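Visitor: Fold the following.
(chains A and B)
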Amino acid sequence: MGTVRAVLDMNSIELRNVSLDYYLDNEDAYSFKSSVLNFYLKAKKSRATTFRAIENLSFSIPKGEKVGIIGLNGAGKTTLLKILSGIFQPTKGKLIINGNVSPLLDFHTGFEEYLTGLENIKIRLMFLGLSKSQAEEKVDKIAEFAELGDFIHQPIRKYSAGMMMRLAFATSTSIDPDILVIDEVIGTGDAKFAAKAKERLEHFLSKDCTMVLSSHSMSLVRDFCTRIIWLQNGQIVADGPVKNIISEYEKDCTLAKK
Amino acid sequence: MKKNNSLFKVIINYYDLYYFLSSYDVASRFRSSRLGVLWLVIQQLMFALGISLVWSNVFAIDIYDFVPFLTLGLSLWGIIMGSMTEGGNAFLHAQYYIKQFPLPYSVFILRTLLTQFLYFGISILTTFIVLGIFGKLSLLGIIYAIPGMVVLCIYCYSATALTAYLCLRYRDLNHALSGIFGLIFLITPIIFSPELLIQKGISIAIYLNPFASLIEIVRYPILNVDFANLEHYFIGLGFSLCLLLVQIIIQKRWGRFVPFWI
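Guide: Residues are numbered from 1 along each chain as shown, chains lettered A, B, ... in the order given. This is a model prediction of the structure:
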């Protein structure tokens, strides 16, 4: 038993036969009126249709490993990251996470529109698990990194998309999580901030923080990851060292083009 | 992560977060008005006094009895209705948070609940001032109301959490609820006194209406410095616990679907 525990502790993330279904809407599924009517009319229950986004995935990620998730649109990258973040519960299978996860999934939503940039930084930090006093300590540094100038005192609804992204990125990467889950983010923003963002992420590379990153940019994956998981239709096509898999993936993509 | 979060843990651990969001909710409602929260007070006073002037004549009740009765009743009705109708928005308003942060969902229920309690706090203070002016306020009465308040709190949490899940599943339910509560308002002894119904021999209309009991167990003690009828406590508590039970079952069965349904 002791050895099992020890082995488990070495892994930050472990998935065992994890599947995830999306529930597809049928027109009336969300109406109370139709549900009651159907109940009384004894209408045949239309079976809820599902879409299997993740199919029977099993893998583990040791502590400190940086893993890149690649694949075409709709391959299940974001879904997988949401499972790893604890936002989606798998329909089937088991997920074991050791450590606290900081998800960086969406940089354009999740703000209180009428609050200022500073206050939104605080809220976001608290959403990521910090206490109010811890959050207040970090606010100034984050504001500086986001380079929003006086706009930091303006309500978020006055911000451009790029400004929101900068604020969210600066906030979410300011903490030191055990596991960092990043979804296709660094491509956005201008070149100057992209460079800065990359530098920020490199800071995580040196630490023993586990990182899972999904991206369409092969150069990014090459720079940051030591292992690649290639997804297609919710299944793993290949899992291994960066070099081999990227060349195969790129070959596959060019073949598809022709 | 979510599994180990009992409600009490969430209440303590996430206090900073939902308190921040709730106070923002209250503040943002009065963002562009100079009077701010005072609007709530004015609104409440106008409503209570306006109705009192007309209906005290209709029922031939002394206005000095009627204004405290009505103001308190309306204030309690505010939180009773608010728990259900606003609870329906708890998850819907938090959809972007739920989609990107792995937080226990009760944080958003607590946010909505606390917002309602903050509004209620303002309105009950206003009510106490009115009661004071009309000579109906006594500390002992408020102490007598404590058991009733406890029951009311159980109701408020259960109602908010229950409608949060139900309205997420059934998107048209929120509209239905506001309609239903319009009706319940008219048949619940808020504008008229429960004695009026008892005199007419239709006391069943009160005892079948759990909302009447919920109001009675707080209003009667404050105004009469005594406990309300025991039946009202049983009905109020029974109703609240039923809601709580249904809510717990639904949360267990539907909890994992929340991010998909949103």
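Visitor: Is there contact, residue-wise, from stretch A:21-36 to chain B?
Guide: Yes: remark: stretch A:21-36 sits within contact range of chain B at A:22-23, A:30-33, A:35, by C-beta under 8 Å from any C-beta of the partner chain. The C-beta positions use only the backbone N, C-alpha and C, and glycine is treated the same way.
Visitor: Spatially, which two of those residues are the most separated?
Guide: Within the residues of stretch A:21-36 next to chain B, A:22 and A:33 form the most distant pair, 24.8 Å apart (C-beta to C-beta).
Visitor: tell me which parts of the stretch 101-250 of chain B are close to chain A?
Guide: So far as C-beta under 8 Å from any C-beta goes, the stretch 101-250 of chain B lies against chain A at B:101-103, B:166, B:169-173, B:176.
Visitor: Recalculate using a threshold of 7 Å.
Guide: B:101-103, B:170-173, B:176 (C-beta under 7 Å from any C-beta of the partner chain).
Visitor: Now intersect those residues with the helices, please.
Guide: The helices, defined by DSSP state H, take in B:173, B:176 from those.
Visitor: Can you flag the buried ones in the residues of the stretch 101-250 of chain B next to chain A?
Guide: Listed as buried from these are B:101-103, B:170, B:173; burial here means 16 or more other C-beta atoms under 10 Å in any protein chain shown.
Visitor: Can I get those residues in CSV including distance to residue A:105?
Guide: Formatted as CSV, those follow (distance: C-beta to C-beta, whole Å):
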residue, distance to residue A:105
B:101, 9
B:102, 10
B:103, 13
B:170, 28
B:173, 29
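Visitor: and of the residues you listed, the nearest to residue A:15?
Guide: Set against residue A:15, the nearest of these by C-beta to C-beta is residue B:102 (15.9 Å).
Visitor: Mind picking the two most distant members of the residues of the stretch 101-250 of chain B next to chain A?
Guide: Among those, B:102 and B:176 lie farthest apart (C-beta to C-beta), at 31.9 Å.
Visitor: Tell me how many other residues surround residue A:253.
Guide: Residues lying near residue A:253 (other C-beta atoms under 10 Å in any protein chain shown) number 12.
Visitor: What residue, apart from its backbone neighbours, is nearest it spatially?
Guide: Using C-beta to C-beta, 6 or more residues apart in numbering or on different chains and skipping residues adjacent in sequence, the residue nearest residue A:253 is residue A:72, 7.9 Å away.
Visitor: Next up, the contacts around the closest residue to residue B:176 other than its chain neighbours.
Guide: The shortest distance from residue B:176 to any non-neighbouring residue, by C-beta to C-beta, 6+ apart, is to residue A:32 (6.3 Å). When the contact criterion is C-beta atoms under 7 Å, 6 or more residues apart in numbering or on different chains, the partners of residue A:32 are B:170, B:172-173, B:176.
Visitor: one step back: PyMOL command to pick out the buried ones of the residues of stretch A:21-36 next to chain B?
Guide: Here is the PyMOL command that selects the buried residues among the residues of stretch A:21-36 next to chain B (16+ other C-beta under 10 Å):
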select buried, chain A and resi 30+32+35
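Visitor: Just give me the closest of the residues of stretch A:21-36 next to chain B to chain B.
Guide: Checking those against chain B by C-beta to the nearest C-beta gives residue A:32 as the nearest, at 3.5 Å.
Visitor: Check which helix or strand residue B:253 maps to.
Guide: Take DSSP states H and E as the rule and residue B:253 turns out to sit in helix B:230-254.
Visitor: Check residue A:229 too.
Guide: Going by DSSP H and E, residue A:229 is in strand A:227-232.
Visitor: Not counting stretch B:212-222 itself, show me its contacts.
Guide: Stretch B:212-222 has contacts (C-beta under 7 Å, 6+ apart) with B:72-73, B:76-77, B:80, B:141-142, B:144-145, B:148-149, B:151-152, B:155, B:188-190, B:194, B:206, B:227-228, B:232-233, B:235-236.
Visitor: for the closest residue to residue A:90 other than its chain neighbours, what are its contacts?
Guide: Distances taken as C-beta to C-beta, 6+ apart place residue A:18 nearest to residue A:90, at 4.4 Å, with adjacent residues excluded. Residue A:18 is in contact with A:54, A:57, A:83, A:90, A:92-93, A:95, counting by C-beta under 7 Å, 6+ apart.
Visitor: hmm, try it at 6 Å
Guide: Residues in contact with residue A:18, defined by C-beta atoms under 6 Å, 6 or more residues apart in numbering or on different chains, are A:57, A:90, A:93, A:95.
Visitor: Check residue A:180 too.
Guide: A:102, A:209, A:211.
Visitor: So for it, what's the pLDDT?
Guide: Among the per-residue scores, residue A:180 shows a pLDDT of 89.
Visitor: Report the buried residues of stretch B:188-195.
Guide: Applying 16+ other C-beta under 10 Å to stretch B:188-195 flags B:188-194 as buried.
Visitor: Pick out whichever of the residues you listed sits closest to residue A:121.
Guide: Looking across the buried residues of stretch B:188-195 and measuring by C-beta to C-beta, the closest to residue A:121 is residue B:190, at 44.2 Å.
Visitor: pretty sure that closest one is touching residue B:73, no?
Guide: Yes: taking contacts as C-beta atoms under 6 Å, residue B:190 lies within contact range of residue B:73: 4.1 Å.
Visitor: Out of the contacts of residue A:18, who's the most crowded?
Guide: residue A:57 (23 neighbours).
Visitor: roughly how far apart are that residue and residue A:83?
Guide: 9 Å (C-beta to C-beta, to the nearest Å).
Visitor: for residue A:126, same thing?
Guide: Distance of residue A:126 to residue A:83, given as C-beta to C-beta: 24 Å.
Visitor: what pairs with residue A:214 across the strands?
Guide: Per DSSP bridges, the residues bridged to residue A:214 are residue A:69, residue A:183.
Visitor: neighbours of it, just the number please.
Guide: 24.
Visitor: do residue A:129 as well
Guide: Residues lying near residue A:129 (other C-beta under 10 Å) number 20.
Visitor: Quick one: name the residues of chain A near chain B.
Guide: For chain A, the residues in contact with chain B (C-beta under 6 Å from any C-beta of the partner chain) are A:23, A:30-33, A:85-89, A:105-106, A:109-110, A:114, A:126-127, A:132.
Visitor: Tell me, what's the model's pLDDT at residue 219?
Guide: Since no chain was named, I'll use chain A. The model reports residue A:219 with a pLDDT of 85.
Visitor: switch to chain B, that's the one I care about
Guide: Looking at residue B:219, its pLDDT is 95.
Visitor: what secondary structure does it sit in?
Guide: helix (DSSP: H, G, I helix; E, B strand; the rest coil).
Visitor: would TSV of the buried residues of stretch B:188-195 with secondary structure be doable?
Guide: Below are the buried residues of stretch B:188-195 laid out as TSV (three-state DSSP):
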residue	secondary structure
B:188	coil
B:189	coil
B:190	coil
B:191	coil
B:192	coil
B:193	coil
B:194	helix
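Visitor: export those to TSV and tack on pLDDT?
Guide: Output for the buried residues of stretch B:188-195, formatted as TSV (pLDDT from 0 to 100):
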residue	pLDDT
B:188	91
B:189	91
B:190	90
B:191	88
B:192	86
B:193	85
B:194	86
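Visitor: Which of these lies at the shortest distance from residue A:227?
Guide: residue B:188 (63.8 Å).
Visitor: Next up, the contacts around that closest one.
Guide: Taking C-beta under 6 Å, 6+ apart as the test, what residue B:188 contacts is B:209, B:211-212.
Visitor: got a winner among those for most neighbours?
Guide: residue B:211 (24 neighbours).
Visitor: Secondary structure of that one: a helix, I assume?
Guide: Yes: membership of residue B:211 in a helix is supported by three-state DSSP.
Visitor: re the thing from before, list the buried ones in the helix holding residue B:253?
Guide: Buried-residue list, helix B:230-254, by 16+ other C-beta under 10 Å: B:232-233, B:235-237, B:239-240, B:243-244, B:247, B:250-251.
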